[in-house]
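Peer 1: Okay, here's the prediction I keep looking at, along with the sequence it came from:
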Amino acid sequence: MAMLIILQLMQVLTVVLLSPLLQGILVQMEARLKRGKGPGILQPYRDLWKFFHKQLVLPNTASWIFCITPIVAFVMVMIVPMLIPVLTNFPLPLSDMGDILGGGLLLALSGFMVLLAGLDTGSAYGGMGSSRSTLLVILSEPILILVLVGIAVLSKAMLPFVINHLIASHIYFYWAPAHLFLVAAFFIILLIETGAMPIHSGSHIEIYMIEESRLLEYSGPLLGLLKWAGMMKRFILYTLFCNMLFFPWWLSSSHSIGFAFIAMLILMVKYTVVAAAVVTVNTLQARLRFFRYQELLGGGLILVILAIVILQVGELAWFPQA
Amino acid sequence: MVSAGMNQVMFSLLSLISVGTLLLSFVMLGSRQLQSYIVSFAAQAWLVAFVSLMLGIHFSSVAFYSVAFVSAILRGIILPILFYQIYKRAMIHRENHVLIQIGKGLVIGVVLVIFSMVISVSLLKQMQDFTILSTLALIITFSIMLIGFLMLVTRHLALSKIIALLMIENGLFLGGQLLVQSAEIFISLIVIFDVLIAVISFQILAGYLMEQVGDSDNRLLKKLVG
């Protein structure tokens, strides 16, 4: 039991401590692809260090929501890794607190708090960012929900560990068209939720800003916390994508810390591969116009619906004789 | 039925390819660029040819091999080249006026897929012919046909109309191969050559239209010119 608790702690610490590294790898790869030098993969750690040693300045108009938001966002995102297979492919203590929808709820709550905080100070940019990101959520959430429905129909389970087991152990499930479509649709969700190109652009130019403009009023440690929560959210989405859908193998299956460390190393390799795909999209794609978001998102919706239709066909065809 | 005695890998690949065909017609539905219509039509034709090839491997029949070969050459290479010639001659390379906006069109396409799923399932229930592959093939054939009709309605340029028409033909060809055990090679070949003749005569027609009107937009045909 003690070992299991240690492993669970390791899962959480992996997400907390390695998420800036993932961000650093992404930025560095993108810089290298554009023939730049790049700030080095450890830059996010240095940034966080800098933020936490700065003075905290609060706007006059800020209320208590503004102050608690970074903490709530950070903690909510920190709970999610307990529910999902980060390092081990067997459930750990407290991992039955919630299923995928529970994890999605926690992430949504953290997003909702940031949204409120953007509106709270009454600044023009915060309101703009909040309204833009709300529109984006309205468009992208149906796809996310349908992906989860598709996964549930495919594997008859909502618990991430069960899904991981099922897809990893049946090669037939992995190569089923429905599963491949779900992977593609989740990749679109990944691009949207982690601030990648066809929707978001990394530059801080006001007409492009969606996520950044909600954080403009923050400074010092609170800004550091929010940035860190954003990196953790990206790490968690990469985890869901890799360990549940795209590459569910090579997780630690034994109760030992050494294997967990090996799984951690493999995890970073997997994420680097996914990050390479994201960086490629980032470099090749131009940002979509605001009114063309629906085309990308409509594409995602079609992939999911097709997946569910195929699954239903399979169901109907297997059971009619009965 | 085709799927009788088929091994699992073959079955998965066949269903993957047929769903890919449906996906490519969604790519056409979701795009305004004529070039992407041509590219996805060619890709669709190659996928259909691949289905014939796999059926040829499964039944080890020369007829399917030759159908695969001819349809890959004709629909995968020659027709796209003809389309590309029309494309290069035209002044407009993009559907500027679609009747239904792209996003809405995609959602309508999804509704059509679900509609054809309902239709085919009830149809197959009456026919007592209920394997996964036959159901999937029927659904995909119906949906590609309906999406093709949707494209015929919503697009105006002549090139997109003919590509939509041939997309319907692609879907029918795919469904026919998967649903009917012995797709007669003779009929398949005749259909393929018919399509070729149609496209060539269409190319001449489009050429005339562009010479006379300067554009192949069929909305212009509504005007009376004295």
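Peer 2: Noted; the coordinates are in hand.

Peer 1: how about low-confidence regions in chain A?
Peer 2: Low-confidence regions of chain A, defined here as pLDDT under 70, cover residues A:202-204, A:206-207, A:315-322.

Peer 1: at 50 instead, please
Peer 2: For chain A, applying pLDDT under 50 flags the ranges A:318-322.

Peer 1: So the residue nearest to the spatial centre of chain A versus chain B, what's the distance?
Peer 2: When chain A is reduced to its mean C-alpha position, the nearest residue by C-alpha atoms, centre = their mean turns out to be A:Leu237, at 2.4 Å. As defined by C-beta to the nearest C-beta, to the nearest Å, A:Leu237 lies at a distance of 24 Å from chain B. The way it works is simple: take the backbone N, C-alpha and C, and place the C-beta from them, glycine included.

Peer 1: Next: A:Pro59.
Peer 2: Distance check for A:Pro59 against chain B: by C-beta to the nearest C-beta, it reads 38 Å.

Peer 1: Now that residue: closest residue in space that isn't a chain neighbour?
Peer 2: The shortest distance from A:Pro59 to any residue that is not its chain neighbour, by C-beta to C-beta, 6 or more residues apart in numbering or on different chains, is 4.8 Å, and that residue is A:Thr121.

Peer 1: Repeat that for B:Glu169.
Peer 2: Taking C-beta to C-beta, 6+ apart as the measure, B:Glu169 lies nearest to B:Val195, with 6.1 Å between them; neighbours along the chain are not counted.

Peer 1: now A:Val153
Peer 2: Residue nearest to A:Val153 in three dimensions, not counting chain neighbours: A:Leu311, with 4.8 Å by C-beta to C-beta, 6+ apart.

Peer 1: In which helix or strand does that neighbour reside?
Peer 2: A:Leu311 is part of helix A:293-318, with elements assigned from DSSP states H and E.

Peer 1: On the three-state scheme, the residue nearest to A:Ser123 when sequence neighbours are not counted is what?
Peer 2: Nearest-residue entry for A:Ser123: A:Glu217, 5.8 Å, with adjacent residues in sequence omitted and distances by C-beta to C-beta, 6+ apart. Following DSSP: H, G, I helix; E, B strand; the rest coil, A:Glu217 is assigned to coil.

Peer 1: sorry, back to before: pretty sure the residue nearest to B:Glu169 is in contact with B:Leu82, am I right?
Peer 2: No. Judged on C-beta atoms under 8 Å, B:Val195 makes no contact with B:Leu82 at a distance of 10.7 Å.

Peer 1: quick one: the residue nearest to A:Pro59 and A:Ser219 touch, right?
Peer 2: No. Using C-beta under 8 Å, A:Thr121 is not in contact with A:Ser219, being 11.9 Å away.

Peer 1: Who has more neighbours out of these two?
Peer 2: Each of A:Thr121 and A:Ser219 had its neighbours counted (other C-beta atoms under 10 Å in any protein chain shown), and the higher figure belongs to A:Thr121 (20 against 16).

Peer 1: Chain B versus that one, what's the distance?
Peer 2: 34 Å.

Peer 1: residues contacting that residue?
Peer 2: With contact taken as C-beta atoms under 8 Å, 6 or more residues apart in numbering or on different chains, A:Thr121 is in contact with A:Pro59, A:Thr61, A:Ala62, A:Phe66, A:Glu217.

Peer 1: can you redo those as CSV with secondary structure, distance to B:Ser134 and neighbour count?
Peer 2: Listed next are these as CSV, based on DSSP: H, G, I helix; E, B strand; the rest coil; distance: C-beta to C-beta, whole Å; neighbours: other C-beta atoms under 10 Å in any protein chain shown:
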residue, secondary structure, distance to B:Ser134, neighbour count
A:Pro59, coil, 65, 15
A:Thr61, coil, 65, 11
A:Ala62, coil, 64, 17
A:Phe66, helix, 60, 21
A:Glu217, coil, 60, 22
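
Peer 1: need the helix or strand of chain B with the lowest average pLDDT.
Peer 2: Of all helical and strand segments in chain B, the minimum by mean pLDDT, DSSP states H and E falls on helix B:185-213, at a mean of 76.

Peer 1: can you pull the buried residues of it?
Peer 2: When neighbours are counted by 16 or more other C-beta atoms under 10 Å in any protein chain shown, the buried residues of helix B:185-213 are found to be B:Ile185, B:Ser188, B:Leu189, B:Val191, B:Ile192, B:Val195, B:Val199, B:Phe202, B:Gln203, B:Ala206, B:Leu209, B:Met210.

Peer 1: ok, so of those residues, who is nearest chain A?
Peer 2: Ranking the buried residues of helix B:185-213 by separation from chain A, with C-beta to the nearest C-beta as the measure, puts B:Ser188 on top at 25.2 Å.

Peer 1: Residues of chain B that sit close to chain A?
Peer 2: Taking C-beta under 8 Å from any C-beta of the partner chain as the criterion, chain B approaches chain A at residues B:8, B:12, B:15-16, B:19-20, B:22-23, B:26, B:30, B:102-103, B:106-107, B:109-110, B:113-114, B:117, B:121, B:125, B:130-132, B:135-136, B:139.

Peer 1: residue ranges of the helices in chain B, please?
Peer 2: Per DSSP state H, chain B has helices spanning B:8-29, B:34-59, B:62-71, B:79-89, B:102-127, B:132-154, B:158-179, B:185-213. These are given in chain order.

Peer 1: rank these by pLDDT, which is bottom?
Peer 2: Looking over the helices of chain B, mean pLDDT reaches its minimum on helix B:185-213, with a mean of 76.

Peer 1: Tell me which residue is most central in chain B.
Peer 2: Taking C-alpha atoms, centre = their mean as the criterion, B:Met167 is the residue nearest the geometric centre of chain B, at 2.0 Å.

Peer 1: That one against B:Phe26, yeah?
Peer 2: No. The criterion here is C-beta under 8 Å, and B:Met167 misses it with B:Phe26 at 10.8 Å.

Peer 1: Helices along the stretch 201-322 of chain A, start to end?
Peer 2: All helices of the stretch 201-322 of chain A, identified by DSSP state H, counting those that start in this stretch, fall at A:220-239, A:257-284, A:293-318.

Peer 1: angle of the shortest one against helix A:257-284?
Peer 2: Counting by axes from the mean of the first three to the mean of the last three C-alpha atoms, to 10 degrees, helix A:220-239 points 100 degrees away from the direction of helix A:257-284.

Peer 1: Just the CA atoms from helix A:220-239 would do, formatted as CSV, please.
Peer 2: Extracted as CSV, the C-alpha positions of helix A:220-239 are listed here (Å, rounded to 0.1, in the frame of the first residue of the first chain):
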residue,chain,number,x,y,z
GLY,A,220,4.5,37.9,-10.0
PRO,A,221,3.8,34.5,-8.3
LEU,A,222,0.1,34.4,-9.3
LEU,A,223,1.1,34.8,-13.0
GLY,A,224,3.7,32.0,-12.4
LEU,A,225,1.0,29.7,-10.9
LEU,A,226,-1.3,30.3,-13.9
LYS,A,227,1.4,29.7,-16.4
TRP,A,228,2.4,26.6,-14.6
ALA,A,229,-1.3,25.4,-14.5
GLY,A,230,-1.4,26.0,-18.3
MET,A,231,1.7,23.8,-18.8
MET,A,232,0.3,21.1,-16.6
LYS,A,233,-3.0,21.1,-18.5
ARG,A,234,-1.0,20.6,-21.7
PHE,A,235,0.9,17.8,-20.1
ILE,A,236,-2.3,16.1,-18.9
LEU,A,237,-3.9,16.4,-22.4
TYR,A,238,-0.8,14.8,-23.9
THR,A,239,-1.0,12.1,-21.3
